[in-house]
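Peer 1: Using only what follows, build the 3D model:
(chains A and B)
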Amino acid sequence: MNRDLSILVVEADPQKARDIIDALVEAGWSDVHALAQTAGLEREIKTRQPDIVLIDVANPDRDMLEHLSLASDSKSRAVAMFVDRSDEDLTQAALAAGVSAYVVDGLQMNRIKSVLETAIARFQILRQLQSELDAAKRALEDRKMLDRAKGILMRQRGVSEDEAYQLLRKTAMDQGRKVIDVAQALVTASDLLS
Amino acid sequence: MTRTILNCGYVPLVDSAPLIVAKELGFAAEEGLELNLVAQPSWSATRDMLALGHLDFAHMLSPMPVAMSLGYGGLAGEIDALMVLSVNGTVFGISSKLADTLRAADVALRFGQADHILPALGALGIAHLRIGIPFHYSMHRLLLEYWLQGQGDLSGLKIEIVTIPPPRMADAVEDGDIDAFWVGEPWGSAAVARGAAELVLPGNAVWAFAPEKVLAARHEWVESHKDEVRRLLRALEPAMRWLDTPGNKPLAVEILARSEHLNIAPELIDPAISGMLTPALGAPPVPVERFLLFHQHAAHFPWRSQAAWIATRLGAPAKGIAAAKRCFRSDMYRDALGPTGVDLPGASEKVEGSMRHATAVASSRGHMILGPDAFFDGKLFDFDAGK
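Peer 2: Predicted coordinates for the structure are as follows:
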């Protein structure tokens, strides 16, 4: 298979950029570059003239790429958006994984499809890792909040840690709220009163 | 009662206020709707999510449904504009550096008067101007290009229009990446507050009544979900009326600032809502009449002639102009709001640019006040001529 495409990955997070490049290089593409700061995006595209630009769906700079893809300036090679209806499944998969791509107008679909599939697979893994990381962080913060709320009850009401937790849990159940929300309210109120 | 959940995409700008107010003040709930407001990172993302069915409705730049329906840009699709969500509300600003250069050369800067600025640049040795806009298919670009065309001979000046995500407009102008910008609030005021830019024109100085954002939905979805569409329009209309009631404005700023949907400080929301714009850091605020309209002068009516003007400026042929008119759904608007007693204009097209002053016209309840809708150069656009 032909693997001589020039690929530009726009990604501010160096670790994530590295991951995506590795995945593409492993799959056989060698001309892969990453761009972290978006201020130079326009210049980078004009100098490198990539065949494909890969960018996170949520990156606000997509609007800039759209504009470049419409500019008729002969020096900036036309990039057209990939996300069209030519392959609905691939489009939906890309959207779900969080990657969008801009490709040189007229490039054959079969040449870019494998790049897209590789990128989609990698974005999916990264997205999953990110949500696991976010969940872990949230759990840690919830834990801290719960500990603070228990501490407040133990001091103010002179109860044990276990009793403090039972009190929070009962209040939450009575009010139809989550334990963490009750803990949060208690900590906020306590901060305000102290 | 179970509420119908509608996924509404929006870009966190002051003019997304009708959706936020409809949700926060309970207008949507009164219609049995629960608005799930989903903030979008860019206009491209908004377009993709709407076109591919991940959103039911979206707060969109008024040229986007026209461009998509005509097949221009990255992703085509039959998209309707069900109502205009806001009229005007944009600003043209120049970098503080350029403002200082102009002042040093005795070029006076007065907010609202800008026709002398570009012709003055040649004498200052400035041959290149980079102007930032938020998106290619935006009213910002259409107004900017329309205004530029009316600036006489600019052959010695190379003007480059580039897209910059609005939250970064202030950075871009401060870093010298761009010399000027045309942007929606709060981002013009945000650049001024940082001392990075000065405002020279409110958008309505170019076109007094420019449809800025619209409520967009997929055409096929509208046809198969008319009940939801009617209810959403009936929830938004009182929200927009509430927003345009002078006594509510301080509270509106408060609600928008406090809601989780915008994440913008109240002092940056206030200029657009109150119409008091601060053109330069330390300068006194200047009142701008009709800076941003949600309800007055039938602001939310989707005039088919507005769609035609947009299509014309996008370079559409006659067939395209006719198709554009069809995607501004004044029929659906009448169908949804007529029975609720909302005043409706007698026609669905007007001669764009014909009203230099507010004008009384025939309407379903007697008469209503429209306009002004004049262009800065006095041109008229009659898309119904000869029929």
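Peer 1: tell me which parts of chain B are close to chain A?
Peer 2: B:41-45, B:48-49, B:52, B:54, B:73-76, B:134-136, B:162-165, B:167-168, B:172, B:175, B:177 (C-beta under 8 Å from any C-beta of the partner chain). Glycine gets a C-beta too; all of them are placed from N, C-alpha and C.
Peer 1: Tell me how many other residues surround B:Val214.
Peer 2: 30 (other C-beta atoms under 10 Å in any protein chain shown).
Peer 1: just B:Asn7 next, same as before
Peer 2: Residues near B:Asn7, counting by other C-beta under 10 Å: 16.
Peer 1: who does whichever helix in chain A runs longest touch, helix- and strand-wise?
Peer 2: Longest helix in chain A, counting residues (DSSP state H): helix A:109-157. For helix A:109-157, the elements it packs on are helix A:14-26, strand A:52-56, helix A:88-97, strand A:99-104, helix A:161-175, helix A:179-193, judged by 3 or more C-beta pairs under 8 Å, 6 or more residues apart in numbering or on different chains; DSSP states H and E.
Peer 1: Tell me which residue is most central in chain A.
Peer 2: A:Arg127 (5.8 Å; C-alpha atoms, centre = their mean).
Peer 1: what's near enough to touch that one?
Peer 2: Neighbouring residues of A:Arg127 by C-beta atoms under 8 Å, 6 or more residues apart in numbering or on different chains: A:Ala97, A:Gly98.
Peer 1: Okay, it and A:Thr38: tell me how far apart.
Peer 2: From A:Arg127 across to A:Thr38, the span is 20 Å (C-beta to C-beta, to the nearest Å).
Peer 1: Next SSE downstream of whichever strand or helix holds B:Ala257?
Peer 2: For B:Ala257, the element it lies in under DSSP states H and E is helix B:249-258. Per DSSP H and E, helix B:249-258 leads on to helix B:266-274 as the next helix or strand towards the C-terminus.
Peer 1: how about the helices and strands packed on helix A:109-157, which one is nearest chain B?
Peer 2: helix A:88-97 (6.1 Å; C-beta to the nearest C-beta).
Peer 1: in the closest one, what counts as buried?
Peer 2: By 16 or more other C-beta atoms under 10 Å in any protein chain shown, the buried positions in helix A:88-97 come out as A:Leu90, A:Thr91, A:Ala93, A:Ala94, A:Leu95, A:Ala97.
Peer 1: Following the record's annotation, map out the domains of the chain.
Peer 2: Picking chain A for this. Annotated domains of chain A cover A:7-132, A:136-193 [automatic domain parsing].
Peer 1: I was after chain B.
Peer 2: Taken from automatic domain parsing, chain B resolves into B:4-87+B:211-277+B:289-345, B:90-205.
Peer 1: Which pLDDT value does the model give the residue of chain A most remote from its centre?
Peer 2: Note on chain A: the largest C-alpha distance from the chain mean falls to A:Gly158, namely 45.3 Å (C-alpha atoms, centre = their mean). As predicted, A:Gly158 sits at a pLDDT of 91.
Peer 1: how near is it to chain B?
Peer 2: Per C-beta to the nearest C-beta, to the nearest Å, A:Gly158 is found 38 Å from chain B.
Peer 1: Next up, phi/psi of that residue, please.
Peer 2: Main-chain dihedrals, A:Gly158, degrees, to the nearest 10: phi 60, psi 40.
Peer 1: ok so, going back, B:Arg365: which of the domains of chain B is closest?
Peer 2: Between B:Arg365 and those, the tightest spacing by C-beta to C-beta is seen for domain B:4-87+B:211-277+B:289-345, at 4.6 Å.
Peer 1: Skip the chain neighbours and tell me the closest residue to residue 115.
Peer 2: All of this refers to chain A. Distance criterion C-beta to C-beta, 6 or more residues apart in numbering or on different chains; nearest residue to A:Val115, sequence neighbours excluded, is A:Ile52 at 5.8 Å.
Peer 1: hmm, I had chain B in mind actually
Peer 2: Closest to B:Asp115 by C-beta to C-beta, 6+ apart is B:Gln151, at 6.8 Å.
Peer 1: before we move on, the earlier item: between the domains of chain A, which gets the lowest average pLDDT?
Peer 2: Lowest mean pLDDT within the domains of chain A: domain A:7-132, at a mean of 82.
Peer 1: what about that one, how long is it end to end?
Peer 2: Distance across domain A:7-132, first residue to last, is 29 Å (C-alpha to C-alpha, to the nearest Å).
Peer 1: cool, stretch B:182-196 as well?
Peer 2: Start-to-end span of stretch B:182-196 (C-alpha to C-alpha) is 14 Å.
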